[in-house]
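Peer 1: Below: sequence and its predicted model.
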Amino acid sequence: MAMMRSDLGIMKILHLKKRGCFLLKLLCLVVLVLIFCEFLVYYVVIFQCHWPEVNIEAHKSSKQSSASVLKAMFLSDTHLLGEIKGHWLDKLRREWQMERAFQTALSLLEPDIVFILGDVFDEGKWSSSQAWADDVRRFQKMFRHPVHTELMVVVGNHDIGFHYEMTTYKLKRFAKVFNFTSGKLITRKGVNFVMVNSVALEGDGCTVCSRAEAKLMKLSHKLNCSQQQEQNHSNKRCSGVEQLPASEPILLQHYPLYRRSDAECIGEDSALPEEKNIPFKEKYDVLSREASQKLLWWFHPRLILSGHTHSACEVLHNGKIPEISVPSFSWRNRNNPSFIMGSITPTDFSLYKCFLPLESRVVTIYCIAGALLGVLILAHLQRLNPSFYFAQHLIRKHKAV
Ligand SMILES: [Zn+2]
């Protein structure tokens, strides 16, 4: 009797051990899938991106020349959700994805400078000072960066509101956090970037608008004088003007320059076919024709990068000035977000688009893992309790007869 009882005890322990072992295996599978989908997948995908080759002046040694190429990363429309429209789960998921993508890109690609082309926040246009502070805190955590990498942010309509809702207060609080001014020149390694507040290019003479225009005109004067001095053209109006590198500037702004629609845009991440032919509204979807012309006259840029549309496009202005619409960096806005990598010298540039993991692919991996988990549990139950399934099978057979 005692022997039988101890046998039963051993069997029970064995049974529990088996079950524990099985649960441990399941847990391992779940943890592995989570680590891959939430962490490793960013490394696997971004590892495939590379800085594009750019022509470098021939007389420089290779060591000198690689140091003289500026590695710049451009992303746009992160739209960090706010307290009014953002669901906490949506917020958590999107912000985790963007943080992992950004941090992975920083560690693998080591850019010198990163530009975010506006609409950093979704509700900056109406957020209370407390909600704003909370959004800024989360932004600074997500987009933290080492001291040798600079981060520059251009203002967008969701950060301070469209022109009719933009106020000096909202612009000031944005400018304070991001050290942004409505026309700002950044010169790195001889490359000039002009950061534009495109929301203030309404052309109606409002206080913010006239200040922004005056600043841009002053900058354009400085840049044009530098180019003339380089070519030894003497100009009285340029005397006493600070000399900058004579390179043509690159314009960075949120709204794209005027274009009729996205009908001409091609590529897997351009606008959806049903949206492509919808005409753009000036001062809403794109800058007005007048403001666009002004920017081209003032700066003669060699490249323009903009955001706002959430989709990709390449446009040629005046037959020679390329503009790149940088798609949204958030999976909330697209299945295939991306960022642009630019190798830039004072005379040349080369761009490359780095795609982030497809959200649909990550979801598929989760679905397959879930199905596998289900099958494993069923198989285990069947193995553990075959008599139960045998009885069930018999009952079914009996019923059928
Ligand atoms: Zn926008």
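Peer 2: Done, it's in.

Peer 1: Can you name the residues that contact the residue sitting nearest the centre point of the chain?
Peer 2: In the chain, the residue lying closest to the centroid (C-alpha atoms, centre = their mean) is residue 329, at 2.6 Å. Residues near residue 329 by C-beta atoms under 8 Å, 6 or more residues apart in numbering: 75-78, 98, 101-102, 116, 337-339, 356. Every residue, glycine included, has its C-beta placed from N, CA and C.

Peer 1: now those as CSV including neighbour count?
Peer 2: Shown next, in CSV, are these (neighbours: other C-beta atoms under 10 Å):
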residue, neighbour count
75, 26
76, 32
77, 26
78, 29
98, 23
101, 25
102, 25
116, 27
337, 27
338, 21
339, 26
356, 26
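
Peer 1: Quick check: the farthest pair among those residues?
Peer 2: 116 and 356 (14.9 Å; C-beta to C-beta).

Peer 1: And the contacts of residue 329, which is closest to the ion?
Peer 2: The nearest member of the contacts of residue 329 to the ion, counting by C-beta to the ion, is residue 77 at 6.4 Å.

Peer 1: Excluding covalently adjacent residues, which one is nearest to the closest one?
Peer 2: Among residues not flanking residue 77 along the chain, residue 328 sits closest, at 3.9 Å (C-beta to C-beta, 6 or more residues apart in numbering).

Peer 1: number of nearby residues for the one you found?
Peer 2: Counted with other C-beta atoms under 10 Å, the neighbours of residue 328 add up to 23.

Peer 1: is it in a bridge, and if so with what?
Peer 2: In this entry, residue 328 is beta-bridged to residue 76, by DSSP bridges.

Peer 1: re the thing from before, now the contacts of residue 329 in TSV, with secondary structure, pLDDT and distance to the ion?
Peer 2: Output for the contacts of residue 329, formatted as TSV (DSSP: H, G, I helix; E, B strand; the rest coil; pLDDT from 0 to 100; distance: C-beta to the ion, whole Å):
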residue	secondary structure	pLDDT	distance to the ion
75	strand	98	14
76	strand	97	9
77	coil	97	6
78	coil	97	11
98	helix	97	17
101	helix	97	20
102	helix	98	19
116	strand	98	12
337	coil	96	15
338	strand	97	17
339	strand	98	17
356	coil	97	20
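
Peer 1: what sits against residue 152?
Peer 2: By C-beta under 8 Å, 6+ apart, the neighbours of residue 152 are 113-116, 178, 186, 193, 195, 252.

Peer 1: What is the neighbour count of the closest residue to the ion within the stretch 301-401 of the chain?
Peer 2: With C-beta to the ion as the measure, residue 308 is the residue of the stretch 301-401 of the chain nearest to the ion, at 3.9 Å. Residue 308 has 25 neighbours, counted by other C-beta under 10 Å.

Peer 1: part of a helix, is it?
Peer 2: No: Residue 308: not assigned to a helix; according to DSSP: H, G, I helix; E, B strand; the rest coil it is coil.

Peer 1: pretty sure it contacts residue 287?
Peer 2: No: contact status for residue 308 versus residue 287: not in contact, 9.8 Å apart, counting by C-beta atoms under 8 Å.

Peer 1: what touches both of the two?
Peer 2: 255-256.

Peer 1: what does this protein put close to the ion?
Peer 2: 119, 156-157, 308 (C-beta under 5 Å from the ion).

Peer 1: and with 8 Å instead?
Peer 2: 77, 118-119, 156-158, 254-255, 307-308 (C-beta under 8 Å from the ion).

Peer 1: So which of these sit within helices?
Peer 2: Using DSSP state H, the subset of the residues of the chain next to the ion located in helices is 157-158.

Peer 1: so can I have CSV of the residues of the chain next to the ion showing distance to residue 364?
Peer 2: As requested, the residues of the chain next to the ion are exported to CSV (distance: C-beta to C-beta, whole Å):
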residue, distance to residue 364
77, 25
118, 32
119, 29
156, 32
157, 35
158, 31
254, 34
255, 36
307, 29
308, 31
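
Peer 1: Can you select the buried ones from the residues of the chain next to the ion in ChimeraX?
Peer 2: In ChimeraX, this line selects whichever of the residues of the chain next to the ion come out buried by 16 or more other C-beta atoms under 10 Å:
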select :77,118,119,156,157,158,254,255,307,308
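
Peer 1: quick one: which of the residues of the chain next to the ion is nearest residue 213?
Peer 2: For those, the nearest to residue 213 is residue 255 (14.9 Å; C-beta to C-beta).

Peer 1: nearest spatial neighbour of the closest one, skipping sequence neighbours?
Peer 2: That would be residue 198: by C-beta to C-beta, 6+ apart, it lies 4.0 Å from residue 255.

Peer 1: residues contacting that neighbour?
Peer 2: 118, 253-255, 287, 291, 306 are the contacts of residue 198 under C-beta under 8 Å, 6+ apart.

Peer 1: Could you verify my assumption that residue 161 touches residue 167?
Peer 2: Yes: at 7.3 Å, residue 161 counts as touching residue 167 under the criterion of C-beta under 8 Å.
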